[in-house]
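1. Quick one, what's the 3D model for this:
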Amino acid sequence: MSLNQSLENTWKPSNLCHIYNHEPFDCRIWPFLITKSQDGQSIHLVYFTRENCPSLGCINREEFEAYRRYIMDYVMTPEFLKLLHAHEALIWDWQEGTRFVADLTEKVKDEGGRMKDRDSSPSSHSCDS
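-> Numbers count the residues shown, from 1 in each chain. The predicted structure follows:
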């Protein structure tokens, strides 16, 4: 079984969200999300706390840490960074009730604070894959 399949089996007990056949991006990494910092100058990977995401009470700390590591690895991939660059709307405004995981600013912004110019050719990925 792959790590992704293992995490899906661990992370998605029957009482968690299954409202979509093909989960939207935000649902795929929930309770993690990409946000602007509170001052709007940086881009962060954060997660909602148990108070804002009650389903976190359904997993233990080891399962959460495994998923956190998986998400960290995932958001650092060239494919993810290209997706983020192509779809800046995936970056939420700062959200109260979140905890900081990582600063992604250097990975996605140039020195002028603009999104880095990744490959400008048409993207071959699908948000539903």
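2. Spell out the residue ranges of the helices in this structure.
-> 3-11, 25-29, 61-75, 78-86, 105-108 (DSSP state H).
3. How about residue 92, nearest residue that isn't a chain neighbour?
-> With CB to CB, 6 or more residues apart in numbering as the criterion, residue 92 has its nearest non-adjacent residue at 4.5 Å, and that residue is residue 35. Every residue, glycine included, has its C-beta placed from N, CA and C.
4. ok, that neighbour - how many residues close by?
-> Using other CB atoms under 10 Å, residue 35 is surrounded by 20 other residues.
5. Same check on residue 28?
-> 13.
6. ditto for the one 5 residues further on
-> By the criterion of other CB under 10 Å, residue 33 has 20 neighbours.
7. Also the one 10 residues further on?
-> Using other CB under 10 Å as the criterion, residue 43 is surrounded by 22 other residues.
8. next one: residue 74
-> 15.
9. Who are the contact partners of it?
-> Residues in contact with residue 74 (CB atoms under 8 Å, 6 or more residues apart in numbering) are 29, 80.
10. do the same with the one 10 residues further on
-> By CB under 8 Å, 6+ apart, the contact set of residue 84 is 34, 90-91, 108.
11. Over to residue 26?
-> With CB under 8 Å, 6+ apart, residue 26 has these contacts: 33, 90.
12. That one and residue 95: what is the separation?
-> As judged by CB to CB, to the nearest Å, residue 26 and residue 95 stand 11 Å apart.
13. Can you check which residues contact both of the two?
-> Joint contacts of residue 26 and residue 95 (CB under 8 Å, 6+ apart) are residue 33.
14. Name the spans of the chain whose pLDDT lies under the cut-off.
-> By pLDDT under 70, the weakly predicted segments of the chain are 1-23, 110-129.
15. go with 90
-> 1-31, 49-60, 63, 75, 78-89, 97, 105-129 (pLDDT under 90).
16. From residue 88, how far out is residue 109?
-> In terms of CB to CB, residue 109 sits 11 Å off from residue 88.
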